[in-house]
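Colleague: Sequence and computational prediction follow.
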Amino acid sequence: MEKVIGVIFENNKRVYFFSPNDLELSKDQDVIVETEQGLQYGKTVTSIIERNEKCLNLPLKNVLRIATKEDNKKHKYNLNLAKKAIFECEKLIKKYNLNMKILDANFTFDRGQLLFHFLSDSRVDFRNLAKDLAAIFKTRIELRQIGVRDKAKAIGGIGVCGRCLCCSNYLCNFDSVSINMAKNQNLSLNPSKINGACGRLLCCLTYENDVYTEYRKGLPNIGERVKYDGKEGKVVSLDILKRTYTILTEEDEYLTVKVDESTE
């Protein structure tokens, strides 16, 4: 087991785990941490806890210190400067007529890097844009293209279920979702029912897919012709969780059959 503390960053609800580095830390403290991109200003969302090493990305980066008033002042300045960076970037995008939409901009705490996230339907040659931004802000520039699912995660919202979007609330990674999952769960293929706020298939289609896959074993497909109790008919509906199906016989009779009942 490894002692860790959970930290989140501005405009990112994902929890990252850091080594407490022998500091006396608690929940809801502003801290300075080291990351692969450089120093970052974050907020603790847990106390010091123990987690299995298998669930962590080792070696852990350290919490360097509890943020001071000066650190907080510098952080607020960085946030305001990032807003200016978005404005300048959008002007340059128009200048170079680039097909891209800037979503956000973030400085590392020491302003050693300025990261932009953007949306685009195609690949973008942003070399001249990056050069101009580097000249303006005197720092290393990174422009990262993301997808519509990432945009929904960043913006947040309410899903068709009436709850906060899973991606912005707690999902750390996006699993692969296929239309076969909706078919497997016998759902209507109406896009308004199975697509999320991002316009892609709902992430929650993956949650129960394994259960439906297991319970569907042995069930016929809708439209399939089967025999039961000496009568032949067509399958017209399924109840996957109850493991039953309904057939319409040639005598216009509806019969409900459990999957473990013998069919002949």
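Modeller: In hand now; what should we look at?

Colleague: C-alpha from now on. contacts and neighbour counts both.
Modeller: Fine.

Colleague: going on from whichever strand or helix holds residue 64, what's the next piece of helix or strand?
Modeller: Using DSSP states H and E, residue 64 maps to strand 63-66. Of the helices and strands lying after strand 63-66 in sequence (DSSP H and E), the nearest is helix 69-96.

Colleague: for that following helix, which positions count as buried?
Modeller: 71, 74-75, 78-79, 81-82, 85-86, 89-90, 92-93 (16 or more other CA atoms under 10 Å).

Colleague: Could I get the buried residue list for the following helix or strand past it?
Modeller: Downstream of helix 69-96, the first helix or strand assigned by DSSP H and E is strand 101-107. With burial defined by 16+ other CA under 10 Å, the residues of strand 101-107 counted as buried are 102, 104, 105, 106, 107.

Colleague: ok, the residues you listed vs residue 122, which is closest?
Modeller: Closest approach to residue 122 among the buried residues of strand 101-107 (CA to CA): residue 102, at 14.1 Å.

Colleague: ok, so what distance separates the closest residue to the closest one other than its chain neighbours from residue 108?
Modeller: Distances taken as CA to CA, 6 or more residues apart in numbering put residue 118 closest to residue 102, at 4.3 Å, once the chain neighbours are dropped. Distance, residue 118 to residue 108, by CA to CA, to the nearest Å: 18 Å.

Colleague: same deal with residue 9?
Modeller: Taken as CA to CA, the span from residue 9 to residue 108 is 11 Å.

Colleague: Next: residue 38.
Modeller: 6 Å.

Colleague: got it, and residue 204?
Modeller: Counting by CA to CA, the gap from residue 204 to residue 108 is 33 Å.

Colleague: give me every residue that touches residue 109.
Modeller: Contacts for residue 109 were tallied using CA atoms under 8 Å, 6 or more residues apart in numbering; they are 38, 39, 40, 41, 74, 75, 78.

Colleague: Can you read off the backbone torsions of it?
Modeller: Backbone torsions of residue 109, given as degrees, to the nearest 10, read phi -60, psi -40.

Colleague: which non-adjacent residue is nearest it?
Modeller: Closest to residue 109 by CA to CA, 6+ apart is residue 40, at 4.7 Å.

Colleague: Am I right that that neighbour sits in a strand?
Modeller: Yes: counting by DSSP: H, G, I helix; E, B strand; the rest coil, one finds residue 40 located in a strand.

Colleague: Tally up the residues packed near it, please.
Modeller: Residue 40: 21 surrounding residues under other CA atoms under 10 Å.
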